[in-house]
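>>> Coordinates for the following, if possible.
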Amino acid sequence: MYKKSFNLKPNPLPTMPTYHILTFGCQMNVNDSIWLGQALEAHNFSQAPLAEADVICINTCSVREKPEQKVINTIYRIKQLTLANPKTLVGVLGCVAQQLGEKLFHYTNQVRLVAGPDALAMLPKTIEQLLENPSQRLSLLDFTSTYLEREPGKATKIGPTAYVNIMQGCDNFCTYCIVPYTRGRQKSRPKDAILKECREKIALGARELTLLGQNVNAYGQDKAGDGTRFAQLLHAIADLPGLERIRYTSPHPKDMGVEDVAAFAKIPKLCPCLHLPLQSGSTRILKRMGRGYTREEYSKLVDDLKTTLPAISLTTDIIVGFPGEDDQDLLDTLTMMEYCAYHASFSFCYSDRPGCRAVNFLDKIDRAVQHSRLEEVQHTQDILTTKWLKARVGQTTTILLEEKSPRQPEGSVSWQGRDPYGTIVHLNLPANEDYRGKMLEVTITDFGKHCLHAQQKSSLW
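The predicted structure is shown next:
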């Protein structure tokens, strides 16, 4: 731990210090930031605009290209915005903090906290300590051997959907991925702690829970686990009263066991959709990536899922232009996309991440070729998405209403929610009512580029 203190006597905290949180990256980061805000409010902090906050936390992600530069640019932007308050405390949190460590202290004196993902539970008290000691800087970069439970945040009513972390870190060490180096080895939470948090979020208004982890279906397979398997956890959560839906992300295909597949038929509350990262449709490239499965094994898993639940819908991640990829490898990816009929995918060009084995692969793909191949993948996905959305027209489904639609039609009020597949659905409803958290049976009437339109079929509940 990095410590530097010049104050012999701590300063008192402001009457009600203020905070602002900037978040980059994945759903886990979003959930971590939500908790941190609630925890700070339980410590009598209040939220404020960026330029006015006493404490600014940047929750970072290092998965995509040039994340370090984005964070550094954000630090300098904060410095310009807070010229009137140069004593603003800036904390850099998350994966880039773990990656760059104490180097971040050199960019501006405002950065006085650098904390990796495993330090999240310690941040509320650490931030208070730093406010009391304006000359102190702290780095919290050690990995823990177990999942550190977090203190309760301020109990406030939440939206109809919520996230719950069930594990942290990853043991896979795919050759392109920095996660094991920035989030550490896999650590599962005890089942009882997870169920307690689920009950709390249901009591505060959540009707749908999404379980989060870097390798979510490997839950319980590490030394920190309590012996509970992932499918057992799903059944336990499904038994909680007041819960309507369960989702989870992201699983690893090699860890998708028979129990996990069967859960889609046995647990009605488990939504009929699965984000199943492919990364490449080529067995040769999958081996170079260190993914632990072949094209044929992935296809067999998809077949098993669709046999178990024919209505299941799949989404995926795809890396284009991995070192050594040729035209046949790309074709293998495109044909796999068509075979799986993904209704959506997240695709991006390969880029080196420091410390990963693929950095040392010499057969890198030219950037222009990468972008050309990415366009092919995205064009294929556009066709598949349109086909899937179009087939939904005329179907009856249930949506969980979340908020008013961004675009409001003249003379009526449009709300949006998600169907069991996670697709956004818009429909007009009578004005002057708050429908947030209500469920409604609807008929799909039309589709857009990434959404559906519907009309009400039954009463709200």
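>>> helix/strand/coil for Cys170?
Secondary structure assignment for Cys170 (DSSP: H, G, I helix; E, B strand; the rest coil): coil.
>>> Next, count neighbours for the residue nearest to Lys364 when sequence neighbours are not counted.
Leaving aside its chain neighbours, Lys364 sits nearest to Pro323 (5.2 Å; criterion: C-beta to C-beta, 6 or more residues apart in numbering). C-beta here means a position set from N, CA and C on the backbone, and glycine is covered the same way. By the criterion of other C-beta atoms under 10 Å, Pro323 has 19 neighbours.
>>> ok, now the one 10 residues further on?
Here the neighbour count serves as a burial measure; for Thr333 (other C-beta under 10 Å) it reads 26.
>>> ok, the residue nearest to Lys364 - contacts?
Listed by C-beta atoms under 8 Å, 6 or more residues apart in numbering, the contact set of Pro323 reads Arg288, Tyr350, Ala358, Phe361, Leu362, Asp363, Lys364, Ile365.
>>> If you count contacts, what does the helix of greatest length in the chain end up packed against?
Counting residues, the longest helix found in the chain (DSSP state H) is helix 367-392. Using 3 or more C-beta pairs under 8 Å, 6 or more residues apart in numbering; DSSP states H and E, the elements in contact with helix 367-392 are strand 313-320, helix 327-340, strand 344-349, strand 439-447, strand 451-456.
>>> contacts for the second one?
Applying C-beta under 8 Å, 6+ apart, the contact partners of helix 327-340 are 278, 280-285, 295, 298-299, 302, 314, 316, 318, 320, 345, 373, 376-377, 380-381, 384.
>>> Mind checking the pLDDT average for that helix?
The average pLDDT for helix 327-340 rounds to 98.
>>> Could you list the buried residues of it?
By neighbour count with 16 or more other C-beta atoms under 10 Å, helix 327-340 contains the buried residues Asp329, Leu330, Asp332, Thr333, Leu334, Met336, Met337, Cys340.
>>> and if you look at the first one?
When burial is assessed from 16+ other C-beta under 10 Å, strand 313-320 yields the following buried residues: Ser313, Leu314, Thr315, Thr316, Ile318, Ile319, Val320.
>>> now these in CSV, with pLDDT and distance to Glu68?
Shown next, in CSV, are those (pLDDT from 0 to 100; distance: C-beta to C-beta, whole Å):
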residue, pLDDT, distance to Glu68
Ser313, 97, 36
Leu314, 98, 33
Thr315, 98, 28
Thr316, 98, 27
Ile318, 98, 24
Ile319, 98, 20
Val320, 98, 22
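>>> List just the nearest of these to Trp461.
Using C-beta to C-beta, Ser313 is the member of those that lies nearest Trp461, at 24.2 Å.
>>> low-confidence ranges in the protein?
1-14, 65 (pLDDT under 70).
>>> Can you name the element that comes right after the longest helix of the chain?
Under the assignment DSSP states H and E, the closest C-terminal helix or strand after helix 367-392 is strand 396-404.
>>> In terms of secondary structure, what does that next one contact?
By 3+ C-beta pairs under 8 Å, 6+ apart, strand 396-404 packs against strand 413-418, strand 424-429, strand 439-447.
>>> Just the residues contacting the second one, thanks.
If I follow you right, that is strand 424-429. 397, 399, 405, 409, 412-419, 435, 440, 442, 444, 450-456.
>>> Could you check how far Cys198 is from Leu243?
Noted for Cys198: a distance of 7 Å to Leu243, by C-beta to C-beta, to the nearest Å.
>>> Next: Gln232.
Applying C-beta to C-beta to Gln232 and Leu243 gives a distance of 16 Å.
>>> so which helix or strand takes in the spatially closest residue to Leu243 that is not a sequence neighbour?
Leaving aside its chain neighbours, Leu243 sits nearest to Ile202 (5.6 Å; criterion: C-beta to C-beta, 6+ apart). Element membership for Ile202 (DSSP H and E) is helix 191-203.
>>> Can you give me the domain boundaries for the protein?
2-140, 157-271, 276-392, 396-456 (automatic domain parsing).
>>> Please state the offset of the shortest one from the chain centre?
Its chain's C-alpha centre lies 24 Å from the corresponding centre of domain 396-456 when counted by C-alpha atoms, centre = their mean, to the nearest Å.
>>> Any idea how far apart the tips of it sit?
End-to-end distance for domain 396-456: 10 Å, by C-alpha to C-alpha, to the nearest Å.
>>> same thing with the second one?
Across its full length, domain 157-271 reaches 24 Å between end residues, using C-alpha to C-alpha.
>>> Now do the phi/psi pair for the closest residue to Gly225 other than its chain neighbours.
Spatial nearest neighbour of Gly225, excluding adjacent residues (C-beta to C-beta, 6+ apart): Ser188 at 3.9 Å. Per-residue torsions, Ser188: phi -90, psi 140 (degrees, to the nearest 10).
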